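Novice: Have a look at this fold, sequence not included:
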């Protein structure tokens, strides 16, 4: 027996007449847009605050000469401490100055801009936040360095440590102070200023970002402290390491900060190349030339024997695969590698190779 049910009166079959807005931001061609900015963003009590104001009409046809505007400044408690009226010039630019006092509250102040209406209901245009803070000079100085850092292009990660020295304002050691450390690890590429025309590649290049907290340590009687970076898990990667250290005042949240970045890699040498052609696209019948050099971490040329060159050919093949009765196109890659043994890279000169691409896609290599 077959029965039919007419879906009449179901909620999902009804039309919604609520007329809710689905079109995003709606604006008029004659609408105004305002942009506010300050000269510094932070002021000391007693200084003048300078606010720049720019207005434009959406159709860029606005005539702003004499347009009345109102400015309102509130302190961190939300109290109005300053307000005034200004008029625009024909170009839509103006500024507003307000005063702070020695007894002004520290914190975030808001400056709001309104379009004055004859009816008294001013229209809000935009606002900006700025801070008023008492000037507090640093009472400590912090220095950081790495234990085996030399004048080299990169540093080996093995047993790498970060040494911190914290001193007071007048040069005495800042002992028994809390020090916090963080490291950021991010991908990087080698760049050798002496060989800026060459591109250097690391097969151990890190492709991910990592952040790690090193914890808290305490300075000794000399103001020194040391972080063991424990980079064992990154031994097989090349990356940029940024160390950030904060030294704290006793019984206070105030601190001084220092940052230092180095390139870390376990490699003994890197290989760079340059070509007289764009290797991203090679035309058949051309003879692109490639020069190779090997560089140590002291930026010196080194000899590297027993190297091989691999050329990869990738064919793109589209297949149709049935998934649950649905035919889905799949783009597959067929990879063919051609291994070519090359002699070595000498220390005295660069190695020159010429790749000749035949019309039948056969590849030969001349050394």
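Specialist: That came through, no problem. Not measured: the values here are computed from a predicted model.
Novice: Got the domain ranges for the chain?
Specialist: Annotated domains of the chain cover 32-132, 140-264, 269-366 [automatic domain parsing].
Novice: Please produce CSV containing those, extended by mean pLDDT.
Specialist: Below are those laid out as CSV (pLDDT from 0 to 100):
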stretch, mean pLDDT
domain 32-132, 87
domain 140-264, 87
domain 269-366, 64
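Novice: can you redo these as JSON lines with mean neighbour count?
Specialist: The way it works is simple: take the backbone N, C-alpha and C, and place the C-beta from them, glycine included. What follows is these, written out as JSON lines (neighbours: other CB atoms under 10 Å):
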{"stretch": "domain 32-132", "mean neighbour count": "14"}
{"stretch": "domain 140-264", "mean neighbour count": "15"}
{"stretch": "domain 269-366", "mean neighbour count": "12"}
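Novice: the strands in the stretch 151-300 of the chain, which residues?
Specialist: Remark: strands assigned in the stretch 151-300 of the chain by DSSP state E, counting those that start in this stretch are 161-168, 178-186, 199-201, 210-218, 224-228, 239-248, 255-264, 269-275, 289-296.
Novice: swap in the stretch 1-150 of the chain?
Specialist: 32-38, 42-43, 48-57, 68-74, 80-87, 93-99, 107-115, 123-132, 140-146.
Novice: Partner strands of the fifth one, with direction?
Specialist: Using DSSP bridges, the strands paired with strand 80-87 in its sheet are strand 68-74 (antiparallel).
Novice: now the shortest one
Specialist: According to DSSP bridges, the neighbouring strands of strand 42-43, each with its direction, are strand 123-132 (parallel).
Novice: ditto for the first one
Specialist: Strands flanking strand 32-38 in the sheet, each with its direction: strand 48-57 (antiparallel) (DSSP bridges).
Novice: Distance from the strand it pairs with to the middle of the chain?
Specialist: 29 Å (CA atoms, centre = their mean, to the nearest Å).
Novice: could you check the angle strand 93-99 makes with it?
Specialist: 150 degrees (axes from the mean of the first three to the mean of the last three CA atoms, to 10 degrees).
Novice: what's the angle between strand 48-57 and strand 107-115?
Specialist: 40 degrees.
Novice: which residues sit against strand 48-57?
Specialist: Contacts to strand 48-57, defined as CB atoms under 8 Å, 6 or more residues apart in numbering, come from residues 29-40, 43, 62, 64, 67, 69, 71, 73, 86, 88, 92-100, 109, 111, 113, 125, 128, 130.
Novice: if you set the cut-off to 7 Å instead, what comes out?
Specialist: Contacts of strand 48-57 with the rest of the structure, by CB atoms under 7 Å, 6 or more residues apart in numbering, involve 30, 32-39, 43, 62, 64, 88, 92-100, 111, 113, 128, 130.
Novice: go on, stretch 217-229?
Specialist: Stretch 217-229 is contacted from outside by 160-167, 173-179, 181, 183, 214, using CB under 7 Å, 6+ apart.
Novice: Let me know the pLDDT of residue 6.
Specialist: With respect to pLDDT, residue 6 has a value of 57.
Novice: and the strands of the stretch 1-150 of the chain as TSV, adding distance to residue 245?
Specialist: TSV is the format used below for the strands of the stretch 1-150 of the chain (distance: least, CB to CB, whole Å):
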stretch	distance to residue 245
strand 32-38	31
strand 42-43	24
strand 48-57	34
strand 68-74	38
strand 80-87	39
strand 93-99	39
strand 107-115	28
strand 123-132	25
strand 140-146	5
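Novice: hey, what's the most centrally placed residue in the chain bridged with?
Specialist: Centroid-nearest residue in the chain: residue 186, 10.4 Å away (criterion: CA atoms, centre = their mean). Beta-bridge pairing of residue 186, defined through DSSP bridges, involves residue 240.
Novice: Pretty sure it sits against residue 209.
Specialist: Yes. The pair residue 186 / residue 209 is scored as a contact, 5.1 Å apart, by CB atoms under 7 Å.
Novice: Not counting residues beside it along the chain, what's closest to residue 86?
Specialist: residue 69 (5.2 Å; CB to CB, 6 or more residues apart in numbering).
Novice: and the one you found, what is it in contact with?
Specialist: Residue 69 is in contact with 85-86, 88, 113-116, counting by CB under 7 Å, 6+ apart.
Novice: again with residue 146
Specialist: Taking CB under 7 Å, 6+ apart as the test, what residue 146 contacts is 155, 160-162, 262.
Novice: just residue 234 next, same as before
Specialist: If you count contacts by CB under 7 Å, 6+ apart, then residue 234 has 157, 185 around it.
Novice: Can you tell me how far it is from residue 185?
Specialist: Per CB to CB, to the nearest Å, residue 234 is found 7 Å from residue 185.
Novice: Identify the spatial nearest neighbour of residue 188, chain neighbours not counted.
Specialist: residue 240 (3.8 Å).
Novice: try residue 110
Specialist: Nearest residue to residue 110, sequence neighbours excluded (CB to CB, 6+ apart): residue 74, at 5.0 Å.
Novice: Great, nothing more from me.
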